[in-house]
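A.B. asks: got a predicted structure plus its sequence, pasted below:
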Amino acid sequence: MVAYLTGYDTYYYTVGVHYNKMEEKIKEAIELLSNSKSKKRESGAKRLRKFESIDAGPALIQALEKEIQDKRTWSTQYHLILAIGHSGFKEALPNLMKLAKQEFEATIIYMGLGDSILRLSVLSQSYNDTLNAIYSFDNFRITYGAFRALALLKLVPDDNVIKRIIQIGSDPKGAEIVKGYPNDETGLRKWVASASAGWKEELKNEFLADCENIKDQHLLMAVENSRKNKYVKWNPY
């Protein structure tokens, strides 16, 4: 007797094969986290960030706890932190909050923490509570990372929360601390301008006009697109 696959059966067979292949890729990426070479471990973290697998959360936390002991592998640590945020594994939030209070020579780690803390926090908390927790660290680099995630996720908080974001994003102290290059005056403005694409005109217009006084091509691009209510497709990682 010959068995035939109907279109319905073929669909579920195809989905099943795709799911199994994805599981295998996630498993391979997790295995890389225990590789003896830091570049391989970093590669595993980058793959898992793209997969956004909540099931990888525990393995990522375990890998980060080990990795964070070696300040030489700061890049691997940064990408592990980002992968945790993208995984949606909320149980990792206390670990990241604790790390945010520590001192790191590689300041990019703070940006990764801000990004991932916001991503995980908004899964169960209001924007207001999430950002107040971010501000409580009193660390512009952590806030920078959080505003970056805010822009990339295209989030639109309440008006009062947006006003506070603009206030902090406009703080000149931010530009003194966060610099992408010598004499960089943008501070946190690029990500606030990018995030503002979905915000009300009356909330963002004055801020955007102020941003235009800083001749940075990326900031000006963010401003131009925000005025058109368009989000810039950044790839900052």
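C.D. replies: Great, that's in hand.
A.B. asks: where does this structure have low pLDDT?
C.D. replies: Residues of the chain meeting the criterion pLDDT under 70: 1-19.
A.B. asks: middle-most residue in it, spatially?
C.D. replies: Taking CA atoms, centre = their mean as the criterion, D115 is the residue nearest the geometric centre of the chain, at 3.6 Å.
A.B. asks: ok, that residue - contacts?
C.D. replies: I81, L82, G85, G145, A146, R148, A149 (CB atoms under 8 Å, 6 or more residues apart in numbering). Using the backbone N, CA and C atoms, a C-beta is placed for each residue, glycine as well.
A.B. asks: now, those residues that are in helices?
C.D. replies: If you go by DSSP state H, the contacts of D115 have I81, L82, G85, G145, A146, R148, A149 in helices.
A.B. asks: between the contacts of D115, which is nearest A45?
C.D. replies: L82 (7.3 Å; CB to CB).
A.B. asks: just checking, that closest one touches R47?
C.D. replies: No - the criterion here is CB atoms under 8 Å, and L82 misses it with R47 at 11.7 Å.
A.B. asks: thinking again about what came up before, adding distance to D70, write the contacts of D115 out as a markdown table.
C.D. replies: Compiled in a markdown table, these are given as follows (distance: CB to CB, whole Å):
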| residue | distance to D70 |
| --- | --- |
| I81 | 14 |
| L82 | 18 |
| G85 | 21 |
| G145 | 22 |
| A146 | 26 |
| R148 | 25 |
| A149 | 26 |
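A.B. asks: wait, which of these is closest to L32?
C.D. replies: Looking across the contacts of D115 and measuring by CB to CB, the closest to L32 is L82, at 15.3 Å.
A.B. asks: returning to that earlier point: now the contacts of D115 as TSV including neighbour count?
C.D. replies: Formatted as TSV, the contacts of D115 follow (neighbours: other CB atoms under 10 Å):
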residue	neighbour count
I81	32
L82	24
G85	26
G145	32
A146	30
R148	24
A149	25
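A.B. asks: can I get stretch 57-73 in CSV? Just the C-alpha atoms.
C.D. replies: Extracted as CSV, the C-alpha positions of stretch 57-73 are listed here (Å, rounded to 0.1, in the frame of the first residue of the first chain):
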residue,chain,number,x,y,z
GLY,A,57,18.6,31.5,28.6
PRO,A,58,19.9,29.3,31.4
ALA,A,59,23.0,28.3,29.3
LEU,A,60,23.7,31.9,28.5
ILE,A,61,23.5,32.9,32.2
GLN,A,62,25.8,30.1,33.2
ALA,A,63,28.3,31.0,30.4
LEU,A,64,28.2,34.7,31.5
GLU,A,65,28.9,33.9,35.1
LYS,A,66,32.0,32.1,34.1
GLU,A,67,33.1,34.6,31.4
ILE,A,68,32.7,37.7,33.6
GLN,A,69,35.6,36.6,35.7
ASP,A,70,38.1,37.3,33.0
LYS,A,71,38.3,41.0,32.0
ARG,A,72,40.3,40.2,28.9
THR,A,73,37.2,38.6,27.3
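A.B. asks: okay, buried residues for it please.
C.D. replies: By neighbour count on 16 or more other CB atoms under 10 Å, the buried set for stretch 57-73 is G57, A59, L60, I61, A63, L64, E67, I68, T73.
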